[in-house]
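Visitor: What shape does this take:
(one chain, ligands or ions: 1)
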Amino acid sequence: MPRSITLGSLCTRSQQGGGCRSPRGRVRSWPSPRSRPHHKAERSEGPWGRALEPPRHLCRAFLILLSAALLHWSPLGAQVKALRFGKLIDGSGRSLADAVVVVEGDRIKSVGAGDAAVPAGALVIDLRRFTGMPGMIDAHTHMTFYWDRTPGTRPWAQLAERPATETVFLAQENARRTLESGVTTVRDLGASDYADIAMRNLINRGAMVGPRMFVAGYGLSVSSAPTRAAGPQPAPGRADGVAEVMRVVREQVAAGVDVIKMYGSTGSDQDVTGFQTFTFEEMKAAVDVAHKFGKTIAIHSYGPDGARDATRAGAESVEHATDMDDETIAEMVRRGTFYVPTVDHNRYYVDARDEFGYGPAVVERLNDYIRRNFETMRKAVKAGVRIAMGSDAVFTGFGQNTGELEWLVKAGMTPAQALATATTNGAALLHMEHSLGSLAPGYYADIVAVEGDPLQDIHAAIRGVRWVMKGGEVVVDKRK
Ligand SMILES: [Zn+2]
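Guide: Got it, this is the predicted structure:
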């Protein structure tokens, strides 16, 4: 029952290891996962346990000694790390030579240059062979869509048959491959059985290694457009009419999602039709309810009609859309609506056609869709639509999360503009622009080291990732 949800419970359920948005949209600070166990120990169970609590004055003496010790220690304790890069670039295209990024806990403390910027006693990580850049944000994934590659099985069928509890564990591989591609944050747009919420929470508490996840739970779909996701039929995301749309959005919020996903047209997998499904009124109802709870909403539309109504309804982002007319594109610019084109997604399906069992006719349809999708991307780039990089990664597509950057450069972006779609723009879409997507004091220490210079050649960011830090912890190290 959404009305009974307090701000506190919203924060608990949807915290992303660093902040959560209140219904009014303010970002609240949140203790990092690391600091929480410590906090708990201070509050209640000491090492002695309740029954053997020492006398109060001993406690006080211990606390005084402890704080004296903490004061005496350099604030730059063992936790402080100094990362040295030959060159450091930002999502905005700025660059800094001989850069030093000082990391304390899960955040960036300072960004400077040269020996003088390395604090005394810091653990120095020498990455001077590499270019440093912000950890990237993939604005469209399906992290729980896992396939184990068993010969004779197909990805979609295997997903539908396997219990979600097993999928949550197995999908760690998708999470790991995502990190290896330099992506440290994802907006995960649709899952069954709230397996996405489980993964998000396990990652946030440090029990699973993976990117920060902002998740959507069940995507809303109409009766004629199955989401292809595993689970009971009809799926709990099914909604027809304004009242049902409002109920299903509220249910997702109550379950603890961060963002709402709505399938506003047909089209998924080998089906590249783009017939509008939800009406404008239904989309508007979904947008209004999502916004009332401080959530953003992503509306999927393969074709132009759903994209036009999604934009008019006030969705934060339109996913995939092809053949958008000039009027819709102009409206997106005017409103600041994000476009997440996902051109590379269908390139992946073509390349993985044997895994999915696609014949020549399907491949032809996919290639035709790619052409139209790319043409729409080109028009949107030219018009100045805000674009966020999204892979729509599923199954064996994880690890290829950043392939879209190449299409964006082909569509007319400079490498710096393309990088912005995966850093500052992704962060703005998540309303996390003060914590993610940049390298500056106070931001999360989500940092990637790549071979080469992505500002010269975007492929350095796509295929050159050698080392990744997420929230101050090294999660990928492929330096030789
Ligand atoms: Zn998707």
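Visitor: Please name the residues that touch residue 436.
Guide: Counting by Cβ atoms under 8 Å, 6 or more residues apart in numbering, residue 436 makes contact with 134-135, 137, 185, 212, 426-427, 430, 443-444, 446. For the C-beta atoms, the positions are set from N, CA and C on the backbone; glycine is no exception.
Visitor: Give the burial count for the closest residue to it other than its chain neighbours, as a bare number.
Guide: Among residues not flanking residue 436 along the chain, residue 427 sits closest, at 4.2 Å (Cβ to Cβ, 6 or more residues apart in numbering). Using other Cβ atoms under 10 Å, residue 427 has 25 neighbouring residues.
Visitor: Helix or strand for residue 427, just tell me which one.
Guide: Here residue 427 sits within helix 424-429, counting by DSSP states H and E.
Visitor: So which elements touch that helix?
Guide: strand 136-141, strand 183-188, strand 338-340, strand 386-387 (3 or more Cβ pairs under 8 Å, 6 or more residues apart in numbering; DSSP states H and E).
Visitor: Figure out which of those strands is closest to residue 219.
Guide: Between residue 219 and those, the tightest spacing by Cβ to Cβ is seen for strand 183-188, at 10.6 Å.
Visitor: List the strands paired with the closest one, with their directions.
Guide: strand 136-141 (parallel), strand 212-215 (parallel) (DSSP bridges).
Visitor: what comes up buried for the last one?
Guide: Which is strand 212-215. 212-215 (16 or more other Cβ atoms under 10 Å).
Visitor: which among the residues you listed gets closest to residue 469?
Guide: residue 212 (12.8 Å).
Visitor: What residues does the residue nearest to the closest one when sequence neighbours are not counted make contact with?
Guide: Closest residue in space to residue 212, ignoring its immediate chain neighbours: residue 185 at 4.4 Å, by Cβ to Cβ, 6+ apart. With contact taken as Cβ under 8 Å, 6+ apart, residue 185 is in contact with 135-138, 211-214, 426-427, 430, 432, 436, 446.
Visitor: My read is that residue 340 contacts residue 317, right?
Guide: Yes - using Cβ atoms under 8 Å, residue 340 is in contact with residue 317, at 5.4 Å.
Visitor: what sits in contact with each of those two?
Guide: With Cβ under 8 Å, 6+ apart as the test, residue 340 and residue 317 both reach 139, 298, 388.
Visitor: and those as a markdown table, adding neighbour count, pLDDT and distance to residue 325?
Guide: Below are those laid out as a markdown table (neighbours: other Cβ atoms under 10 Å; pLDDT from 0 to 100; distance: Cβ to Cβ, whole Å):
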| residue | neighbour count | pLDDT | distance to residue 325 |
| --- | --- | --- | --- |
| 139 | 32 | 98 | 23 |
| 298 | 28 | 98 | 21 |
| 388 | 29 | 98 | 21 |
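Visitor: To residue 196, which of the strands paired with strand 183-188 lies closest?
Guide: With distances scored as Cβ to Cβ, the stretch of these nearest to residue 196 is strand 212-215 (3.9 Å).
Visitor: Skip ahead from that closest one and say which helix or strand is next.
Guide: Taking DSSP H and E, what comes next after strand 212-215 is helix 242-255.
Visitor: Tabulate the helices and strands packed on helix 424-429 (a markdown table), appending distance to residue 272.
Guide: Listed next are those as a markdown table, based on distance: least, Cβ to Cβ, whole Å:
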| stretch | distance to residue 272 |
| --- | --- |
| strand 136-141 | 16 |
| strand 183-188 | 22 |
| strand 338-340 | 17 |
| strand 386-387 | 21 |
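Visitor: So for residue 268, which of the ones you listed sits nearest?
Guide: So among the helices and strands packed on helix 424-429, strand 136-141 is nearest, using Cβ to Cβ, at 12.6 Å.
Visitor: Please point out which parts of the following helix or strand past the closest one sit buried.
Guide: Where DSSP H and E defines the elements, the next helix or strand beyond strand 136-141 is helix 155-161. Within helix 155-161, the residues scored as buried using 16+ other Cβ under 10 Å are 155-156, 158-159.
Visitor: Need the max-distance pair from those residues.
Guide: 156 and 158 (7.4 Å).
Visitor: Now for the residue most central in space within the chain: which residues touch it?
Guide: Geometric centre of the chain, nearest residue: residue 186, 1.4 Å, by Cα atoms, centre = their mean. Residue 186 is in contact with 137-139, 141, 143, 178, 211-214, 401, counting by Cβ under 8 Å, 6+ apart.
Visitor: rerun at 10 Å
Guide: 136-143, 174-175, 178, 196, 200, 210-215, 390-391, 393, 398, 401, 426, 430 (Cβ atoms under 10 Å, 6 or more residues apart in numbering).
Visitor: what are the bridge partners for it, then?
Guide: Bridge pairing for residue 186 - DSSP bridges - gives residue 138, residue 213.
Visitor: What's the separation between it and residue 442?
Guide: 22 Å (Cβ to Cβ, to the nearest Å).
Visitor: what's the answer for residue 407, then?
Guide: Taking Cβ to Cβ, one finds residue 407 at 33 Å from residue 442.
Visitor: Compare the two (neighbour count), which wins?
Guide: Taking other Cβ under 10 Å, residue 407 and residue 442 do not tie; residue 407 has more neighbours (22 against 11).
Visitor: Leaving out the residues flanking it, which one is nearest to the more buried one?
Guide: residue 343 is the one closest to residue 407 (Cβ to Cβ, 6+ apart), at 4.5 Å.
Visitor: One more: residue 147?
Guide: residue 155 (3.8 Å).
Visitor: what's near enough to touch the one you found?
Guide: 145-149, 269, 352, 355-357, 394-397.
Visitor: Would you list the buried entries among those?
Guide: Buried among the contacts of residue 155 by 16+ other Cβ under 10 Å: 145-147, 352, 356, 394-397.
Visitor: I'd like those residues as JSON lines, with distance to residue 98 and pLDDT appended.
Guide: Shown next, in JSON lines, are the buried ones among the contacts of residue 155 (distance: Cβ to Cβ, whole Å; pLDDT from 0 to 100):
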{"residue": "145", "distance to residue 98": "42", "pLDDT": "97"}
{"residue": "146", "distance to residue 98": "42", "pLDDT": "98"}
{"residue": "147", "distance to residue 98": "44", "pLDDT": "98"}
{"residue": "352", "distance to residue 98": "42", "pLDDT": "97"}
{"residue": "356", "distance to residue 98": "47", "pLDDT": "96"}
{"residue": "394", "distance to residue 98": "41", "pLDDT": "97"}
{"residue": "395", "distance to residue 98": "42", "pLDDT": "98"}
{"residue": "396", "distance to residue 98": "39", "pLDDT": "98"}
{"residue": "397", "distance to residue 98": "37", "pLDDT": "98"}
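Visitor: which of the residues you listed lies closest to residue 115?
Guide: Nearest to residue 115, judged by Cβ to Cβ, of those is residue 397 at 42.8 Å.
Visitor: Leaving aside the residues adjacent along the chain, what's closest to that closest one?
Guide: residue 348 (4.6 Å).
Visitor: Do I have it right that the one you found meets residue 395?
Guide: Yes - using Cβ atoms under 10 Å, residue 348 is in contact with residue 395, at 9.0 Å.
Visitor: any shared contact partners between the two?
Guide: residue 356.
Visitor: Only alpha carbons, please: show the longest helix along the chain as PDB.
Guide: In the chain, taking DSSP state H as the definition, the longest helix is helix 360-383. Extracted in PDB, the C-alpha atoms of helix 360-383 (Å, rounded to 0.1, in the frame of the first residue of the first chain):
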ATOM      1  CA  PRO A 360      18.200 -15.200 -42.400                       C
ATOM      2  CA  ALA A 361      14.700 -13.600 -42.400                       C
ATOM      3  CA  VAL A 362      15.100 -12.500 -38.800                       C
ATOM      4  CA  VAL A 363      18.600 -11.200 -39.500                       C
ATOM      5  CA  GLU A 364      17.300  -9.200 -42.400                       C
ATOM      6  CA  ARG A 365      14.600  -7.600 -40.200                       C
ATOM      7  CA  LEU A 366      17.200  -6.800 -37.500                       C
ATOM      8  CA  ASN A 367      19.500  -5.200 -40.000                       C
ATOM      9  CA  ASP A 368      16.700  -3.100 -41.400                       C
ATOM     10  CA  TYR A 369      15.800  -2.000 -37.900                       C
ATOM     11  CA  ILE A 370      19.500  -1.100 -37.200                       C
ATOM     12  CA  ARG A 371      19.600   1.100 -40.300                       C
ATOM     13  CA  ARG A 372      16.400   3.000 -39.200                       C
ATOM     14  CA  ASN A 373      17.500   3.200 -35.600                       C
ATOM     15  CA  PHE A 374      20.900   4.600 -36.600                       C
ATOM     16  CA  GLU A 375      19.300   7.200 -38.900                       C
ATOM     17  CA  THR A 376      17.000   8.300 -36.100                       C
ATOM     18  CA  MET A 377      20.100   8.500 -33.800                       C
ATOM     19  CA  ARG A 378      21.800  10.700 -36.400                       C
ATOM     20  CA  LYS A 379      18.900  13.000 -36.600                       C
ATOM     21  CA  ALA A 380      18.700  13.200 -32.800                       C
ATOM     22  CA  VAL A 381      22.400  13.900 -32.400                       C
ATOM     23  CA  LYS A 382      22.200  16.700 -35.000                       C
ATOM     24  CA  ALA A 383      19.100  18.200 -33.300                       C
END
